[in-house]
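S.K.: how would this look folded up:
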Amino acid sequence: MERNFNKNPYTIEELMADIARVASSMEVYPGELSYIIYNKNGGQITSNSTFNKFGGFAKIRNTYFPNTLKDLGTIVSLKQTGSYVNKLENQVGIKLNLEELVKDVISKLNVKVSTKKLKKTKKKLEKVDLVAMLNDLHIGQIIDSEEIGGINSFNFKEAGRRVAMFVKEVASYKDYKRDQVRTLHLPINGDCIAGLIHQTTTHSQHLLVHQMNGLIHILSNAIEYLRQDFDQIKVYGIAGNHDRMTHKEHGKRAINEVYDSYANIGFYAISSIFGKCSDVSFEFPKTPYVFMDLPAGRAMVAHGDHIFSTALGNVGKSINVGGLTNAIRDFNNGELSKGNKPIKLLLLGHVHCFMHCITADGVEVYVAPSLSGLDAFAHSLTINNSVAAQVVFESTSKFILGDSRLIRLQDADLNDSLDAIIPEYKKDLKWSK
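M.R.: Next up is the predicted model:
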C-alpha cells in the first residue's frame with residue numbers, strides 16, 4: 001500500500017528515499033535538486049512544511065546527499081573499491097598501533113596531570129549579508145558565434161544556463177558561514193532585456209513578447225531556487241537604457257519617468273508570483289537608482305546610463321576616479337541635506353566592463369560585466385574577448401563590500417544539467433512546468 005507522505009507520522013528515511021527516487025528518475029545526483037525541481041518532477045511530498053519539520057528541504061539535501069570530492073559511489077569497479085578499503089584499513093591499523101605504543105609509554109611515566117575545566121563561551125556570530133547582482137542580462141538578444149569569430153554565443157538557452165550557474169554559485173558561496181547569513185540582496189541593475197531601442201527589426205533580437213516572457217521565466221525560476229537556501233531574499237530592480245519604451249522622448253533616452261519601462265512590467269510580474277511569500281520582498285522605485293541598507297551602511301545601485309553616466313564615462317578606455325569622486329561627493333551632500341545617510345558603495349553596470357576602485361572619500365565603486373558577453377557591436381570596435389560574469393559578495397558591519405567573487409559564466413553554455421534549475425525558455429505564450 002502506497003504511503004501518504006503528506007500525513008503524519010513520517011520519517012527522515014522516507015524523505016531521503018523520495019528525494020533519491022526523483023533524482024534517479026532525472027538521472028542526476030540528489031544533491032543537485034532544489035525543492036521546486038523535486039516538486040515539479042514527481043515528488044510525493046507536496047507540502048514544504050513536511051520538510052521544514054526536519055530543518056527544510058535544503059538542510060536534508062545537504063546533510064544526506066553532500067557533494068563530496070571523494071565518494072565510494074564514484075569508485076566504479078569492485079577491484080578499485082577493495083583496494084580503497086584495504087588502504088583505509090591499513091591506515092587505521094597503523095593509527096591504532098601508534099596509539100597503543102603511546103599509551104604504554106605514558107603508563108610508565110610517573111607524572112600527575114590535573115584536569116582543568118574549560119569555560120564555555122558563547123561567541124556571538126557576526127551578521128553577514130550576501131549581495132548577488134544581476135545586471136545587463138540582455139535576455140532576448142541573439143548573438144551568432146559565427147558572426148564574431150566563435151568568441152561568444154547567446155540566446156534563451158545560454159541566458160537561462162548562465163543565470164542558473166550564477167544562482168547555484170550564490171547558493172553555495174561560503175556555505176560554511178550560512179548560519180551567519182540571514183538575508184540575500186538581489187539587485188537587478190537594468191538592461192534586463194535586449195529591447196528594441198533602435199526601432200529596427202533584425203535577427204539580433206527576439207520579439208518583445210518573447211523577451212518579456214523569457215525574462216519573467218528566468219527570474220522567477222532563479223528566485224525560487226534561491227529561496228531554498230536563504231531565510232530572506234530582498235529583490236531590487238531599476239530600468240536600463242535597453243529596457244526603455246521607444247515611443248518616449250522620440251526614441252532617445254528618457255530623462256524623466258525612466259521607470260516607464262519594459263523592465264518594470266517584468267518586475268511587477270515576478271512580484272505578483274511571489275507576492276504571498278513572506279520570505280521574499282521587492283523594492284522597485286521610480287528613481288533611476290535604488291538604495292540597499294547593508295550592515296556597514298548604505299549602498300546604491302544605478303545602471304550607469306543616467307545618473308553618474310558623465311563621471312563614469314567609458315570604463316573600457318579610461319577611468320576618471322577624480323570625476324567620479326566629485327560626483328559621488330555632490331550626491332552625498334544632497335542626501336545629507338535631506339537628513340539621509342551618505343552612500344558607501346556604488347554598484348554600476350551598463351558599460352559591460354569590470355572595475356573596482358575606492359574614491360578619495362572611501363566610497364567603494366564596483367562596475368560589473370554583463371551576462372550576455374561580447375556582441376557584434378562590441379566586436380566591431382575591435383574587442384576580441386568576451387567576459388560574461390556577475391558578482392556576489394558578502395557585506396559585514398566592518399566592510400560594506402567584503403570578500404567578493406566575480407563568477408565567470410560562459411562555461412555554463414554547454415552544461416545541460418543546469419536546465420534542471422532553469423528550464424530553457426522556448427518562446428511559449430503560457431507558463432509551462
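S.K.: What's the end-to-end length of stretch 282-295?
M.R.: 19 Å (C-alpha to C-alpha, to the nearest Å).
S.K.: now the strands for the protein?
M.R.: In the chain, the segments counted as strands under DSSP state E are 128-133, 181-189, 232-238, 280-283, 289-294, 297-302, 343-348, 355-358, 364-367, 389-395, 404-408.
S.K.: and these as JSON lines, adding mean neighbour count?
M.R.: In this view, the C-beta of every residue, glycine as well, is placed from N, C-alpha and C. JSON lines is the format used below for the strands of the chain (neighbours: other C-beta atoms under 10 Å):
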{"stretch": "strand 128-133", "mean neighbour count": "24"}
{"stretch": "strand 181-189", "mean neighbour count": "22"}
{"stretch": "strand 232-238", "mean neighbour count": "22"}
{"stretch": "strand 280-283", "mean neighbour count": "18"}
{"stretch": "strand 289-294", "mean neighbour count": "19"}
{"stretch": "strand 297-302", "mean neighbour count": "22"}
{"stretch": "strand 343-348", "mean neighbour count": "24"}
{"stretch": "strand 355-358", "mean neighbour count": "14"}
{"stretch": "strand 364-367", "mean neighbour count": "21"}
{"stretch": "strand 389-395", "mean neighbour count": "23"}
{"stretch": "strand 404-408", "mean neighbour count": "16"}
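S.K.: Adding mean pLDDT and distance to residue 43, write the ones you listed out as JSON lines.
M.R.: Listed next are the strands of the chain as JSON lines, based on pLDDT from 0 to 100; distance: least, C-beta to C-beta, whole Å:
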{"stretch": "strand 128-133", "mean pLDDT": "96", "distance to residue 43": "27"}
{"stretch": "strand 181-189", "mean pLDDT": "94", "distance to residue 43": "24"}
{"stretch": "strand 232-238", "mean pLDDT": "96", "distance to residue 43": "22"}
{"stretch": "strand 280-283", "mean pLDDT": "96", "distance to residue 43": "21"}
{"stretch": "strand 289-294", "mean pLDDT": "96", "distance to residue 43": "35"}
{"stretch": "strand 297-302", "mean pLDDT": "96", "distance to residue 43": "36"}
{"stretch": "strand 343-348", "mean pLDDT": "96", "distance to residue 43": "37"}
{"stretch": "strand 355-358", "mean pLDDT": "91", "distance to residue 43": "42"}
{"stretch": "strand 364-367", "mean pLDDT": "94", "distance to residue 43": "39"}
{"stretch": "strand 389-395", "mean pLDDT": "96", "distance to residue 43": "29"}
{"stretch": "strand 404-408", "mean pLDDT": "95", "distance to residue 43": "29"}
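S.K.: Export the ones you listed to CSV and append columns for distance to residue 319.
M.R.: Below are the strands of the chain laid out as CSV (distance: least, C-beta to C-beta, whole Å):
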stretch, distance to residue 319
strand 128-133, 20
strand 181-189, 19
strand 232-238, 23
strand 280-283, 29
strand 289-294, 20
strand 297-302, 17
strand 343-348, 12
strand 355-358, 6
strand 364-367, 9
strand 389-395, 18
strand 404-408, 17
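S.K.: Out of the ones you listed, which gets nearest to residue 225?
M.R.: strand 232-238 (10.6 Å; C-beta to C-beta).
S.K.: closest one to residue 432 among the strands of the chain?
M.R.: strand 280-283 (22.2 Å).
S.K.: Show me what the closest one pairs with in its sheet, parallel or antiparallel.
M.R.: In the sheet, strand 280-283 lines up against strand 232-238 (parallel) (DSSP bridges).
S.K.: what's the angle between the strand it pairs with and strand 289-294?
M.R.: Angle, strand 232-238 to strand 289-294, by axes from the mean of the first three to the mean of the last three C-alpha atoms, to 10 degrees: 160 degrees.
S.K.: give me the number of residues near the nearest residue to residue 195 once chain neighbours are set aside?
M.R.: What sits nearest to residue 195 in space, not counting adjacent residues and going by C-beta to C-beta, 6 or more residues apart in numbering, is residue 242, at 3.9 Å. By other C-beta atoms under 10 Å, the residues close to residue 242 number 26.
S.K.: quick one, what contacts residue 190?
M.R.: 135-136, 238-243, 263, 303-305, 349-350 (C-beta atoms under 8 Å, 6 or more residues apart in numbering).
S.K.: Look up how far residue 406 lies from the residue lying closest to it once chain neighbours are set aside.
M.R.: Using C-beta to C-beta, 6+ apart and skipping residues adjacent in sequence, the residue nearest residue 190 is residue 240, 2.6 Å away. Noted for residue 240: a distance of 20 Å to residue 406, by C-beta to C-beta, to the nearest Å.
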